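Trainee: Quick one: sequence and predicted model below, then my questions.
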Amino acid sequence: MRIVCIGECMIELSGSGEDLWRSGFAGDTFNTAWYARALMTGGTVDYVTTVGSDPLSERMLAFMASGGIGTDHITRHPSRVPGMYLITLKDGERSFTYWRDSSAARCLADDPDAVAAAVGGADLVYLSGITLGVLTSDRRAALLEVLKGRNVAFDPNLRPRLWPDTETMCAAIMDAAHVSRIALPSYEDEADFFGDADEMATLQRYADAGATEIVVKNGGGTMLVLADGDITTVDPGPKVQPVDTTGAGDSFNGAYFSARMAGLGPVEAAKAAHQMAARVITHRGALMPMDLIRQETAA
Ligand SMILES: O=C(O)C(=O)C[C@H](O)[C@H](O)CO
């Protein structure tokens, strides 16, 4: 089994709220690759992006490789450097400050043939609304063209700051939905920007676009799962008090893919994925160390 995740990994600054910051590497699609890699027992997880030729890019690649994530299809930009973001917390709920306007990752689809080579033979290709939001509209179209007809999983991960306006964002999200078999939207965000009246409206919109396997995530609330034409309501159990919600949805996706690759059905996979996300929000930053992910999952 080979999963290919496409997007932007940044330098992440997380901290205790005082002027002492811990730096790491994170970015939604990379976070998903990380959790999938930690939880999958075999197979390959590759990441596709563009990094720079600077020392921090080297460290980023070394970090990815140290986690067992394939970097062979990551391209280099001669002068651009990685983007960066800083996490601010309020009662465990995160918000981000970004420095990414001219990051190297914005060039990840400059060579569509290279992307086609990277996803060739993949069992699953994963991208997000953030992947789309860092690209120009022509590169976005070229990327979606490469992905047409493949087994594509998509998390809309709505980030309005990456887009000129809500209309452009929503149109691009639905363009990606049309090439996706699996959709993993989060209800609250979707309601904010698409005006969905309830979780079912979110599910229906992605089903209408052509997705046949859908999980509508819902923070700690009830999820909806569409699989084989049936819709199941999944109660995730008691709410967890978050320390830092960064990476919750991404870890959900990684655990979901790992569970599906291991043969679990979508409903069971969604339950396992929710358990992973519930653990992630008790840790600071997007990524838990891989050995801790494995230990806590085994316990
Ligand atoms: O917000 C982004 O673009 C990021 O990728 C940063 C975080 O790692 C991600 O949002 C967490 O889900």
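Mentor: That came through, no problem.

Trainee: For this structure, what lies in contact range of the ligand?
Mentor: By Cβ under 6 Å from any ligand atom, the residues of the chain that approach the ligand are 26-28, 31, 85, 96, 130, 159, 246-247, 249-250, 286. C-beta: built from backbone N, CA, C; applies to glycine.

Trainee: Mind picking the two most distant members of those?
Mentor: Tyr85 and Gly249 (15.6 Å; Cβ to Cβ).

Trainee: So for those two, which residue has more residues nearby?
Mentor: A direct count of neighbours by other Cβ atoms under 10 Å for Tyr85 and Gly249 places Gly249 higher, at 25 against 19.

Trainee: tell me the contacts of the more buried one?
Mentor: The contact partners of Gly249, taken as Cβ atoms under 8 Å, 6 or more residues apart in numbering, are Asp28, Asp155, Asn157, Leu184, Ser186, Lys217, Ala277.

Trainee: May I have the helix or strand it falls within exported as PDB, CA atoms only?
Mentor: Using DSSP states H and E, Gly249 sits within helix 248-261. The C-alpha trace of helix 248-261 is given here as PDB (Å, rounded to 0.1, in the frame of the first residue of the first chain):
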ATOM      1  CA  ALA A 248      -6.800  17.200  15.400                       C
ATOM      2  CA  GLY A 249      -8.400  16.900  11.900                       C
ATOM      3  CA  ASP A 250      -5.100  15.900  10.300                       C
ATOM      4  CA  SER A 251      -4.400  13.100  12.800                       C
ATOM      5  CA  PHE A 252      -8.000  12.000  12.300                       C
ATOM      6  CA  ASN A 253      -7.300  11.700   8.600                       C
ATOM      7  CA  GLY A 254      -4.000   9.800   9.100                       C
ATOM      8  CA  ALA A 255      -5.600   7.400  11.500                       C
ATOM      9  CA  TYR A 256      -8.600   6.900   9.200                       C
ATOM     10  CA  PHE A 257      -6.400   6.000   6.200                       C
ATOM     11  CA  SER A 258      -4.300   3.700   8.300                       C
ATOM     12  CA  ALA A 259      -7.400   1.900   9.600                       C
ATOM     13  CA  ARG A 260      -8.900   1.600   6.100                       C
ATOM     14  CA  MET A 261      -5.600   0.200   4.800                       C
END
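
Trainee: Off-centre distance for that helix?
Mentor: Distance of helix 248-261 from the chain centroid (Cα atoms, centre = their mean, to the nearest Å) equals 9 Å.

Trainee: buried residues in it?
Mentor: Buried positions in helix 248-261, judged by neighbour count with 16 or more other Cβ atoms under 10 Å: 248-261.

Trainee: re the thing from before, filter the contacts of Gly249 to the buried ones?
Mentor: By neighbour count, with 16+ other Cβ under 10 Å, the contacts of Gly249 hold Asp28, Asp155, Asn157, Leu184, Ser186, Lys217, Ala277 as buried.

Trainee: so is the last one in a helix, a strand, or just coil?
Mentor: What that stands for is Ala277. Following DSSP: H, G, I helix; E, B strand; the rest coil, the label given to Ala277 is helix.

Trainee: Other residues contacting stretch 286-296?
Mentor: Outside stretch 286-296, the residues that touch it by Cβ under 8 Å, 6+ apart are 12, 24-27, 31, 34-35, 37-39, 67-68, 246-247, 250-251, 276, 279-280, 283.
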